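Peer 1: sharing a sequence plus its predicted fold:
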Amino acid sequence: MLNLKVHHIGYLVKKINAAISEFQHLGYVILQDIVYDDSRKVNICFMEKDGYTVELVSPATPDSVVAGLLKKYKNSPYHFCYESTDFENDLAALTKDGYTAIDMPTPAPALGNSRVTFLMNANLGMIELLEVRS
Ligand code: NI
């Protein structure tokens, strides 16, 4: 058992400013205003309510890595992100347990340039692994 701490829930949105307003209407507050991630071509905003951190992710260009996902899933949650204090070992353990990395570990500008990587699992879809200092 890995027992990694949940960091955030990633939420696909088509129009990020409209989504921020809507989440605010539901009582969410902005934790971190919109940051543009150049490598993934997405705009990202972190919001929080009741201890839940939600990452709004919106494609900035038609060739964004999430443009296809948004077409398929519309506005919807699409990944849970887990914190790793032992990134290489947790990544290896997940890979051994049937999670397939779909990108290389890459610095995430919206998360202080900590490394993240995304993995797919046949039973629960996409997860994100975030390297944190222990
Ligand atoms: Ni995320």
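Peer 2: That came through fine. Note that the structure is predicted; figures quoted are calculated from it, not measured.
Peer 1: who's residue 11 bridged to?
Peer 2: Taking DSSP bridges as the rule, residue 11 bridges to residue 56, residue 77.
Peer 1: against the ion, how distant is it?
Peer 2: 9 Å (Cβ to the ion, to the nearest Å). Backbone N, C-alpha and C define where each C-beta goes, glycine included.
Peer 1: just checking, that residue touches residue 78?
Peer 2: Yes - Residue 11 is in contact with residue 78 according to Cβ atoms under 8 Å; the separation is 7.2 Å.
Peer 1: residues shared between the contacts of the two?
Peer 2: residue 57 (Cβ atoms under 8 Å, 6 or more residues apart in numbering).
Peer 1: where exactly do the strands run in the protein?
Peer 2: 6-12, 29-37, 42-49, 52-59, 76-84, 99-101, 106-108, 114-121, 125-131 (DSSP state E).
Peer 1: can you count the residues close to residue 37?
Peer 2: 19 (other Cβ atoms under 10 Å).
Peer 1: now it, which residues is it bridged with?
Peer 2: residue 42.
Peer 1: tell me who's in contact with it.
Peer 2: With the criterion set at Cβ under 8 Å, 6+ apart, residue 37 makes contact with 43-44, 108-110.
Peer 1: and the buried ones among the residues you listed, selectable in ChimeraX?
Peer 2: Selection of the buried residues among the contacts of residue 37 in ChimeraX, burial being defined by 16 or more other Cβ atoms under 10 Å:
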select :43,44,108,110
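Peer 1: ok, residue 117 to residue 53 distance?
Peer 2: 19 Å (Cβ to Cβ, to the nearest Å).
Peer 1: more crowded one of these two?
Peer 2: Between residue 117 and residue 53, counted using other Cβ under 10 Å, residue 117 has the larger neighbour count: 20 against 16.
Peer 1: quick one: residues contacting that one.
Peer 2: 91, 101, 103-106, 128-129.
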